[in-house]
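Asker: Have a look at this prediction, sequence included:
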Amino acid sequence: MTESSNAPTDRVRVLSSNEESVRRSEEARRLVGLVLVSHSSKLAAGLRELLDPLGGGLVRVETAGGSEDGTAEGGLGTSYERIEAAVAAADAGAGVLLLPDLGSSVLTARLVLADLGRANAQLVDAPFVEGGVAAVVAASTGASLADVAAAAREARTVPKF
């Protein structure tokens, strides 16, 4: 067998899909999580669909969309309970950033955060889509909560063309 200048191939170990899932899960425990607060569950779910692959499947992206109206999707509006549950689900130990769409979603998210009294959960004033993209990318690198929030806010200044 001829040796190359690279590491021998017999030392390369390929992870099984289960081992890869465990590795990703362990990495995600150290990352800032995101909560998408929207008046529409479909809007929040659509944004999460966009963000999940951008975070490499590592960042917990939770949705809190729609109001309580007895249906799974909920009606248009915001829900204290959905926001509270999403904050808990997104928390991987490095903090949680809440990104609201507009108006009353800000008010409801502020109320939830005031009641929770958590120093590691922050509401950010940033564009919903662009801020979400910037935040999930920053979070996937292991950035701090303050840096993820700054990335989301900075997205407001980036021109589309």
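Answerer: The structure has been received and is ready for your questions.

Asker: ok, and the closest non-adjacent residue to residue 95?
Answerer: Nearest non-adjacent residue to residue 95, counting by C-beta to C-beta, 6 or more residues apart in numbering: residue 145, 3.3 Å away. Just so you know, the C-beta spots here come from the backbone N, C-alpha and C atoms, and that holds for glycine as well.

Asker: Just give me the neighbour total for that neighbour.
Answerer: Using other C-beta atoms under 10 Å, residue 145 is surrounded by 19 other residues.

Asker: what does residue 110 give?
Answerer: Neighbours of residue 110 (other C-beta under 10 Å): 14.

Asker: if I've got this straight, it is in a strand?
Answerer: No: when classified by DSSP: H, G, I helix; E, B strand; the rest coil, residue 110 is found to be helix rather than part of a strand.

Asker: mind listing what it touches?
Answerer: By C-beta atoms under 8 Å, 6 or more residues apart in numbering, the contact list for residue 110 reads residue 123.

Asker: how far away is it from residue 84?
Answerer: Residue 110 sits 13 Å away from residue 84 when distances are taken as C-beta to C-beta, to the nearest Å.

Asker: next one: residue 40
Answerer: Residue 40 is 19 Å from residue 84, by C-beta to C-beta.

Asker: Now the most centrally placed residue in the chain: closest residue in space that isn't a chain neighbour?
Answerer: Against the mean C-alpha coordinate of the chain, by C-alpha atoms, centre = their mean, the closest residue is residue 34 at 2.7 Å. Distance criterion C-beta to C-beta, 6+ apart; nearest residue to residue 34, sequence neighbours excluded, is residue 61 at 4.8 Å.

Asker: okay but the one you found is in contact with residue 33, surely?
Answerer: Yes: in this structure, residue 61 is within contact of residue 33 by C-beta atoms under 8 Å, at 7.4 Å.

Asker: Next secondary structure after the lowest-mean-pLDDT helix or strand in the chain?
Answerer: Ranked by mean pLDDT, DSSP states H and E, the weakest helix or strand in the chain is helix 17-28, scoring a mean of 57. Once helix 17-28 ends, the next helix or strand along the chain (criterion: DSSP states H and E) is strand 33-38.
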